[in-house]
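Enquirer: no sequence for this one, just the structure:
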């Protein structure tokens, strides 16, 4: 069974985090929600989520992917947290998949793991700096071992793309149909 870590830092975007966690779990992925500096993590819109563990307990060797939800405060915290940044670098070194949605590709860039091609929330590309590699024409961009998505409205599509990559086309198609996600 594939295993994915979703780190949550204060100020994360709730729609993105919960949608990703839900879709991946429906797809049969073991999702570990890891709190950054707290177990009860409050998102950008005041919704509190209880993490399964602390990010300091997460081991790259046990994971297939790390995926970051957006939300500016949460993104900045992920970009500044040494444990998260180290985990992202280790995932890249071990040739494992990393992903981010909305503002969170900024945290991938901070770790030096963002691919050449990416998407993100509009205007965040200006802070990332690689304008040649940015596209807003796709909901999900895959560049080697890096997956990125645009924002809250693309979270289900992003979760489905992760399921397709880690579990397979058959599960992706079944889950997509069951979620009525024809737009993905």
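Expert: Sure thing, it's come through. Note that this is a predicted model, so its numbers are computed, not measured.

Enquirer: For this protein, which element, helix or strand, carries the lowest mean pLDDT?
Expert: The weakest-scoring helix or strand in the chain, judged by mean pLDDT, DSSP states H and E, is helix 124-128 (a mean of 93).

Enquirer: mind listing the strands for the protein?
Expert: In the chain, the strands defined using DSSP state E lie at 3-8, 30-35, 40-42, 48-50, 53-54, 65-68, 97-101, 140-143, 146-149.

Enquirer: re the thing from before, who's in contact with the least confident helix or strand of the chain?
Expert: Residues outside helix 124-128 that contact it (C-beta atoms under 8 Å, 6 or more residues apart in numbering) are 102, 103, 105, 106, 109, 114, 118, 120, 131, 134. In short, each C-beta sits where N, CA and C put it, glycine included.

Enquirer: Pull out the buried residues from those.
Expert: 102, 103, 105, 106, 109, 114, 118, 120, 134 (16 or more other C-beta atoms under 10 Å).

Enquirer: just these now: which is nearest residue 10?
Expert: residue 103 (14.1 Å; C-beta to C-beta).

Enquirer: and the closest one, how far is that from residue 31?
Expert: Per C-beta to C-beta, to the nearest Å, residue 103 is found 21 Å from residue 31.
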